[in-house]
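Peer 1: Need the 3D shape of this:
(chains A and B)
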Amino acid sequence: MEVKEITNRDDDFAKWYTDVCMKADLVDYSSVKGSMIIRPLGYAIWEEMVHILDQKFKETGHENVQMPMFIPESLLNQEKEHVEGFAPEVAWVTYGGKEKLEERMCVRPTSEVLFCEHFKKIIHSYRDLPLLYNQWCTIVRWEKTTRPFLRSREILWQEGHTMHATEAEARQETLQMLEIYKNFQEEYLAMPVITGKKTNKEKFAGAEETYTIEAMMYDGYALQNGTSHYFGQHFAKAFGIEFVNKDNELATPYQTSWGVTTRMIGGLIMTHSDNNGLVLPPKIAPWKVIIIPIGDVDETLKALENQLKENNITYKVDNANKTPGFKFAEAEVKGYPIRVELGARDLKENKVTLVRRDTLTKMTIDFKNIIPTIQNLMVEMQNDMYNRALERRNSMIYEAHDYAEFCNIAQTKSGFIKVNWCGDEACENKIKADTTLKSRCLIADEEVDGNCVVCGQKALTKVYFGRQY
RNA sequence: CGGGAAGUAGCACAAUUUGGUAGUGCACUAGAUUUGGGAUCUAGGGGUCGCAGGUUCAAAUCCUGUCUUCCCGACCA
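Peer 2: Below is the predicted model of the structure:
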């Protein structure tokens, strides 16, 4: 296996990103634009994510289902805002074999309407609620610009769809899932995230409220790493979904949906990786340890493997007929959190060399301490990676008090800009037109005192603006 | 979708200008020697030049279309 050159991260961030994706063997291009091949390492990372999240979804009472891939045009058309939002980016199936279809069907860009159609059939009574469904699947959105993991046409994701008897319960669900996403990304992916409501302009087509999980990448660009929507009764009314409540009255349920995608893998890369390749937080790394045997160390290797297995520490052994230097570089590209250099020379003194991937710090320790040392290192690395990312992000959040200052920051810095905003979409549009920055999310937990950074009218809220992937 | 650039072996490139049916390095295979930061020697295998048309006696090379990738813009998760 060849270990390849990676573009310097500070010279050309975009190229560095694709280099890491390709050279760590995470993805490959297919012959269809925006349909990527997720290779074993990339998929293993996704499987870790799926495993952890799926468990959290089930713990909170959700059940997995699998909906169809096709949506007849008439079904998609049932909710007006939704259709208008998605129509420009759906792929249509117009032939079945050689026969032209009577009604064309789109490949699901998201499954709200499919769930609604089904919910109408199965919801009759308050006893049927809440209905808490989730599905792991792929969707298709005909994006014009595509990038591995960050923006593809075929998207591997999870979408939760729930129905509730009361507004309060549905709102609670929306926030609960937002919190699960936030905790997952911070605890497992070591990615600090900002959560909040999207502005009207940026919210999901058909939603009453859209909450977002915004992460900041190494270059200061924002990555929307997940969403949780509160739909109110929009879809339910459009689809005629009703239930009989406790008072024997017909009522309309309240709905949510929420999703995260393989985009999180892109976020992981753009948050932690470096010029030597992939860097993975231990908690999400499919294999925590890579063992590189040097010289004749078979017996110790066997013993070490047994100890790792006993302690549920996943690992790989690099037995290739390559020089150690080659294997070190290879291990770094692939992002194994901890490298064990198991060498005959060290072992004569009962020593072993460990290298942590995030800092590339080497340490030589007594072999008998290897398991506790690895365990401690993983905890330490996870914390350090989170803290470094947090510190960097915070150092790239700016505050603008007037429009000149805003434009100046937008031109000279990369990151988020915090501003007062009157709530008028015109001001949001002006910022977009002047600076290309878009609103990331509303800031809920800070007092607003001052005037809109654009128009000078009294501000209603604070907002983060930023450039996005 | 608009502007620009590029597609030749797994990768990076040469041959294209001046048409005559492909070459180098790395990687790969076998054997040997090696092994603490990208090993060495020897012997091998692999491409018909993104795809489809056209011009021509003859096309990697010229023309047209198309697909894909990258950059800039617009659009969007």
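Peer 1: Would you agree A:Asp434 is in contact with A:Cys407?
Peer 2: Yes. Here A:Asp434 reaches A:Cys407: they are 6.3 Å apart, a contact under CB atoms under 8 Å. Bear in mind the C-beta positions are built from the backbone N, C-alpha and C, glycine included.
Peer 1: So between the two, which is more surrounded?
Peer 2: Between A:Asp434 and A:Cys407, counted using other CB atoms under 10 Å, A:Cys407 has the larger neighbour count: 17 against 14.
Peer 1: Wait, a helix at the more buried one?
Peer 2: Yes. Assessed by DSSP: H, G, I helix; E, B strand; the rest coil, A:Cys407 belongs to a helix.
Peer 1: Please tell me how far it sits from A:Cys455.
Peer 2: Distance of A:Cys407 to A:Cys455, computed by CB to CB, to the nearest Å: 14 Å.
Peer 1: who in the stretch 1-150 of chain A is up against RNA strand B?
Peer 2: Within the stretch 1-150 of chain A, the residues that sit near RNA strand B (CB under 7 Å from any atom of the strand) are A:1-5, A:14-15, A:18, A:29, A:31-34, A:85, A:88-89, A:141, A:143-148, A:150.
Peer 1: Could you pick out which of these are located in strands?
Peer 2: A:Tyr29 (DSSP state E).
Peer 1: Give me the three-state assignment for the nearest residue in space to A:Leu437 that is not next to it in sequence.
Peer 2: What sits nearest to A:Leu437 in space, not counting adjacent residues and going by CB to CB, 6 or more residues apart in numbering, is A:Phe465, at 4.4 Å. Secondary structure assignment for A:Phe465 (three-state DSSP): strand.
Peer 1: count of neighbours near A:Phe465?
Peer 2: 27.
Peer 1: Check A:Gly85 too.
Peer 2: Here the count is done by other CB under 10 Å, and A:Gly85 has 17 residues near it.
Peer 1: go on, A:Leu460?
Peer 2: Residues near A:Leu460, counting by other CB under 10 Å, number 14.
Peer 1: Touching, it and A:Cys422? I think so.
Peer 2: Yes. Using CB under 8 Å, A:Leu460 is in contact with A:Cys422, at 5.9 Å.
Peer 1: Now do the contacts for A:Val379.
Peer 2: Residues in contact with A:Val379 (CB atoms under 8 Å, 6 or more residues apart in numbering) are A:Pro282.
Peer 1: Kindly report the residues of the stretch 251-400 of chain A close to RNA strand B.
Peer 2: By CB under 7 Å from any atom of the strand, the residues of the stretch 251-400 of chain A that approach RNA strand B are A:261, A:263, A:276, A:294-295, A:321-326, A:328-330, A:332-333, A:341, A:343-347, A:353, A:355, A:360, A:362, A:364.
Peer 1: 6 Å - rerun?
Peer 2: Within the stretch 251-400 of chain A, the positions lying close to RNA strand B (CB under 6 Å from any atom of the strand) are A:261, A:263, A:294-295, A:321-326, A:328-330, A:332, A:341, A:343-346, A:353, A:355.
Peer 1: Quick one: buried ones out of those?
Peer 2: Among those, those scoring as buried are A:Thr261, A:Arg263, A:Ile294, A:Phe328, A:Ala329, A:Glu330, A:Glu332, A:Glu341, A:Gly343, A:Asp346, A:Thr353, A:Val355 (criterion: 16 or more other CB atoms under 10 Å).
Peer 1: Could you dump the residues you listed into JSON lines with pLDDT and secondary structure added?
Peer 2: Listed next are those as JSON lines, based on pLDDT from 0 to 100; DSSP: H, G, I helix; E, B strand; the rest coil:
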{"residue": "A:Thr261", "pLDDT": "96", "secondary structure": "strand"}
{"residue": "A:Arg263", "pLDDT": "96", "secondary structure": "helix"}
{"residue": "A:Ile294", "pLDDT": "95", "secondary structure": "strand"}
{"residue": "A:Phe328", "pLDDT": "95", "secondary structure": "helix"}
{"residue": "A:Ala329", "pLDDT": "94", "secondary structure": "helix"}
{"residue": "A:Glu330", "pLDDT": "94", "secondary structure": "helix"}
{"residue": "A:Glu332", "pLDDT": "95", "secondary structure": "helix"}
{"residue": "A:Glu341", "pLDDT": "97", "secondary structure": "strand"}
{"residue": "A:Gly343", "pLDDT": "95", "secondary structure": "strand"}
{"residue": "A:Asp346", "pLDDT": "96", "secondary structure": "helix"}
{"residue": "A:Thr353", "pLDDT": "98", "secondary structure": "strand"}
{"residue": "A:Val355", "pLDDT": "98", "secondary structure": "strand"}
